[in-house]
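Visitor: Pasted the sequence and its predicted model underneath.
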Amino acid sequence: MSFSLKLYNTLTREKQAFSPIDATNVRMYVCGPTVYDYAHIGNARPAIVFDTLYRLLRHVYGENHVTYARNITDVDDKINARALRDHPGLPLNDAIRLVTEKTETQYHEDTTALGCLTPTVEPRATDNIPQMIDIIEKLIARGHAYVAASEVLFDTKSMLDYGQLSKRPLDEQQAGARVAVDAHKKNPGDFVLWKLSSHNEPGWESPWGRGRPGWHIECSAMSQRYLGEVFDIHGGGLDLIFPHHENEIAQSRCAHGTQVMANVWMHNGFVQVEGRKMSKSDGNFITIYDLLHTETFGGRQWPGEVLRLAMLMTHYREPIDFSLKRLEEAERLIAKWPAAEVSGAAPCDTVLNALADDLNTVAAVQALHALAQEANVDAMVLPVFAASAALLGVLPKKAEIDQAVASAIDTLVEMRLEMLKAKNFPEADRIRNELSEKGIQLKDGKDAATGERVTTWELKR
RNA sequence: GGCCUCGUGGCGGAGUGGUGACGCAGAGGACUGCAAAUCCUUGCACCCGAGUUCGAUUCUCGGCGAGGCCUCCA
């Protein structure tokens, strides 16, 4: 095919032509949520960005030829803490399950509202403990890991080219600059693969005793299980490059003896608030739930499509300053777009090519906007618009209007036109206002041939 | 201290070694009984300095500024 997809690869720091290992099964792994609290709008960014990539890949390689895995981290010390805080009376395991299930359900509701498709698989860490233990045993057997002070640690010095992704040579780092180095580590950069659990911590039996996995090992285990030892794309936020992705790479490559873990590493930029990274530890975050369902931001609720479009109006690698103005602009744009159904038409080439250029959603949205304006004038363009909008996941849905209601509105519109002919303006305006209050927007136009007034209507969005 | 990004008009944002995208907002106009919607027109920018060049917003170097990672983090 003449179509060529280019993606920016953090490994090489350049845009490269994308060529899948197996075009009949393109494989992508994205780091998903740790389920202990509501997801914030910064967490929404990778969900939306990689959903858009998923849609593009499905379009290019076929819906059934893309495997998208996004993990759910349900073992983490923050989860334990939250469980103890929220459910002090319950046994720890029950409390943890309450926290993780509730949060996971909420995450799915949030991402669905943001127009994200469900990934092919959403593996849970706790369902993959044996796989993690297996990798750790391999690492020990191959001399890449050691046991010390009730922990299994990865030996970073055992990997000659550790640090390729973050371009961070170990010996040039200021070890312990911000956190004291544990004395039992051979090297400051060594990280935990497994640690023993006390009685009031969740744990699983292992060759090293009852314990729980370190932060990075789950992604190595789950990506291998669902995508294989080497796969196409690995995505996540910029802040995961080091240490998380670097360590995933170290574990997977050393366990499997491979040259790469994933061929392409993609990282989205941050959502910022007043020029600062939005993060839970800094407390400057706003949750997706609050935006969708409460009036905490800008004194109103925001539709998921608006949030999604606001996100796509900036290239995924650039920072986004989350502002009211941005949401308002996104909303104004969508309001001008026609509602439509996907009908099997091919998407517009301009939109497609924009996306193919390292997911240039900015150019894609602009092309889509131009297309929408054409479609508003020429109904023939509508299917192309619909297909293109669907590719970005921002197709306005046709509102369901009851037939009886619709004809009642039509009758009122007719009455108003009668009133206008009779120059009874107060009564005509009364009808217009009445409909407006019910969320019906009248649009007066002129019949090109006869010059007569023609009135159409639509639901306000 | 090390390493990574980035710096374009009120805002969002492409892009290019040479004729200053585009969108939103603003201004003016058309249409309208008045509006809304729509359409037309329009003002406003490339952080600073040096270098390369006939010519730099675009390339190189140096500043300055902003953000991020080196601790959990999307």
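Guide: In hand now; what should we look at? Numbers count the residues shown, from 1 in each chain, chains lettered A, B, ... in the order given.
Visitor: and the helix or strand hosting residue A:376, which residues are buried?
Guide: Per DSSP states H and E, residue A:376 falls inside helix A:361-377. Buried positions in helix A:361-377, judged by neighbour count with 16 or more other Cβ atoms under 10 Å: A:361, A:364-368, A:371-372, A:375. Every C-beta, even on glycine, is put in place using the N, C-alpha and C of the backbone.
Visitor: For that helix, which outside residues touch it?
Guide: Here helix A:361-377 makes contact (Cβ atoms under 8 Å, 6 or more residues apart in numbering) with A:52, A:309, A:312-316, A:333, A:336-338, A:340, A:348, A:350-351, A:354-355, A:357, A:381-382, A:384-385, A:388-389, A:391-392, A:394.
Visitor: now do stretch A:270-285
Guide: With Cβ under 8 Å, 6+ apart, stretch A:270-285 has contacts from A:37, A:40-42, A:44-45, A:237-239, A:286, A:319-322.
Visitor: Need those in TSV (columns: secondary structure, pLDDT and neighbour count).
Guide: Shown next, in TSV, are these (DSSP: H, G, I helix; E, B strand; the rest coil; pLDDT from 0 to 100; neighbours: other Cβ atoms under 10 Å):
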residue	secondary structure	pLDDT	neighbour count
A:37	coil	94	17
A:40	strand	95	23
A:41	helix	95	25
A:42	helix	95	24
A:44	helix	96	24
A:45	helix	96	23
A:237	strand	95	21
A:238	helix	93	16
A:239	helix	92	14
A:286	coil	93	18
A:319	coil	92	15
A:320	strand	93	21
A:321	strand	91	15
A:322	coil	92	25
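Visitor: Check the residues you listed against residue A:96 and report the nearest one.
Guide: Nearest to residue A:96 among these is residue A:37, at 13.6 Å by Cβ to Cβ.
Visitor: my guess is that closest one contacts residue A:103, does it?
Guide: Yes: counting by Cβ atoms under 8 Å, residue A:103 is a contact partner of residue A:37 at 6.5 Å.
Visitor: what bits of chain A have low per-residue confidence?
Guide: Scanning chain A for pLDDT under 70 picks out the ranges A:1-2, A:169-183, A:448-449, A:461.
Visitor: thought residue A:184 was touching residue A:149?
Guide: Yes: judged on Cβ under 8 Å, residue A:184 makes contact with residue A:149 at a distance of 3.8 Å.
Visitor: Next, work out how far apart the closest residue to residue A:117 other than its chain neighbours and residue A:30 are.
Guide: Sequence neighbours aside, residue A:51 is the residue nearest to residue A:117 in space, at 5.9 Å (criterion: Cβ to Cβ, 6 or more residues apart in numbering). In this structure, residue A:51 and residue A:30 are 9 Å apart, going by Cβ to Cβ, to the nearest Å.
Visitor: Could you do residue A:49 as well?
Guide: From residue A:49 across to residue A:30, the span is 9 Å (Cβ to Cβ).
Visitor: hmm, back to that, out of the contacts of helix A:361-377, which end up buried?
Guide: Taking 16+ other Cβ under 10 Å as the criterion, what is buried in the contacts of helix A:361-377 is A:52, A:309, A:312-316, A:333, A:337-338, A:340, A:348, A:350-351, A:354-355, A:357, A:381-382, A:384-385, A:388-389, A:391-392, A:394.
Visitor: before we move on, back to that, which one of the buried residues of helix A:361-377 is nearest RNA strand B?
Guide: Distance to RNA strand B, by Cβ to the nearest atom of the strand, is smallest for residue A:366 among the buried residues of helix A:361-377, at 4.7 Å.
Visitor: Same list, the contacts of stretch A:270-285, but only the ones touching RNA strand B.
Guide: With Cβ under 7 Å from any atom of the strand as the criterion, the contacts of stretch A:270-285 include A:42, A:45, A:237-239, A:319-321 near RNA strand B.
Visitor: Would you map the helices across the stretch 201-350 of chain A?
Guide: Secondary structure of the stretch 201-350 of chain A (DSSP state H, counting those that start in this stretch): helices at A:217-227, A:246-256, A:288-293, A:304-312, A:324-335, A:349-356.
Visitor: Write down the beta-bridge partners of the closest residue to RNA strand B within chain A, one by one.
Guide: Residue nearest to RNA strand B within chain A (Cβ to the nearest atom of the strand): residue A:237, separated by 1.3 Å. With DSSP bridges applied, residue A:237 shows beta-bridge pairing to residue A:268.
Visitor: list the contacts for it?
Guide: By Cβ under 8 Å, 6+ apart, residue A:237 lies in contact with A:31, A:42, A:45-46, A:267-268, A:270.
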